[in-house]
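Colleague: no sequence on this one, just coordinates:
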């Protein structure tokens, strides 16, 4: 099967083989591709993200056999379900050689209505997958600046406390959390790109990505404190550009937390 330009040969070969096998399983009614496949901008590092439609009455049976189904699609090296990313319906697979990461999500028709993007239907039985997708509209969760502001200063205080206590690995985790939950999504939102953490922020929001380099730190308490100050500065800039008339800042929390961060930095220098 041909998928056009932008699909590497290994990915296309896997899809050809997988679609032929899945179409023979009468318990399934369709397969759709998501992710970078949709833009035809895949490279050798790209995952394959597939949504697989499962008949209602055999959904439990198929769920029990998901790994076995995955084994039939190629040389499966590893497979596990996606509880760690909040979706137990997902089976995360590694095939190879060549190494290929493939996500398989097995869904009933009614589960397809709520989704973050519209898959491209690659195969379906009697238009069933297209019909299921027509029951809903894709909506990618958008960052809420007010929600972030209401939490941001407590997050900064928590990070400051970890730095002040000398819990350096925890401090690094805090900075990574703020990049992934605050800076990245807001920077991408500002540019009209999908606000998926820090994913492709270097491409879509290069100016902010350059600023964010200062939030990467050497492994010392004072360096993490400086990185946290830069994190706050970048947030303030994004907040200023994105805030609407209804936005309510939290100046009391901001002032108290920043004073605490300054005091912590002073103590670290002694």
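Modeller: Nice, I can see it. Fair warning: this is a prediction, and the values are worked out from it, not measured in the lab.
Colleague: quick one: the nearest residue to residue 40 once chain neighbours are set aside and residue 86, what's the gap?
Modeller: Excluding the flanking residues, the one nearest residue 40 by C-beta to C-beta, 6 or more residues apart in numbering is residue 6, at 3.0 Å. For glycine as for every other residue, the C-beta is placed from the backbone atoms N, C-alpha and C. Relative to residue 86, residue 6 is positioned 29 Å away (C-beta to C-beta, to the nearest Å).
Colleague: Looking at the two, which one has more neighbours?
Modeller: Each of residue 6 and residue 86 has its neighbours counted (other C-beta atoms under 10 Å); residue 6 has more, 14 against 7.
Colleague: My read is that that one contacts residue 46, right?
Modeller: No - with contacts counted by C-beta atoms under 8 Å, residue 6 stays clear of residue 46, the gap being 9.6 Å.
Colleague: All the helices of the stretch 101-250 of the chain, in order from the start?
Modeller: Defined through DSSP state H, counting those that start in this stretch, the helices belonging to the stretch 101-250 of the chain, from first to last, are 128-133, 145-165, 168-178, 184-190, 201-204, 206-212, 221-242.
Colleague: Highest mean neighbour count out of those?
Modeller: Neighbour counts (mean count of other C-beta atoms under 10 Å) averaged over each of the helices of the stretch 101-250 of the chain peak at helix 184-190, with a mean of 23.
Colleague: ok, and what's touching that helix?
Modeller: With C-beta atoms under 8 Å, 6 or more residues apart in numbering as the contact definition, helix 184-190 has outside contacts at 142-143, 145, 148, 194-201, 204-205, 208-209, 212, 235, 238-239, 241-242.
Colleague: rewinding a little: would you reformat the helices of the stretch 101-250 of the chain as JSON lines and include mean pLDDT and distance to residue 99?
Modeller: JSON lines is the format used below for the helices of the stretch 101-250 of the chain (pLDDT from 0 to 100; distance: least, C-beta to C-beta, whole Å):
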{"stretch": "helix 128-133", "mean pLDDT": "94", "distance to residue 99": "29"}
{"stretch": "helix 145-165", "mean pLDDT": "97", "distance to residue 99": "36"}
{"stretch": "helix 168-178", "mean pLDDT": "97", "distance to residue 99": "26"}
{"stretch": "helix 184-190", "mean pLDDT": "97", "distance to residue 99": "27"}
{"stretch": "helix 201-204", "mean pLDDT": "94", "distance to residue 99": "24"}
{"stretch": "helix 206-212", "mean pLDDT": "97", "distance to residue 99": "28"}
{"stretch": "helix 221-242", "mean pLDDT": "97", "distance to residue 99": "34"}
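Colleague: you'd agree the residue nearest to residue 40 is in a strand?
Modeller: No - judged by DSSP: H, G, I helix; E, B strand; the rest coil, residue 6 forms no part of a strand; its state is coil.
Colleague: Kind regards, and thank you for your time.
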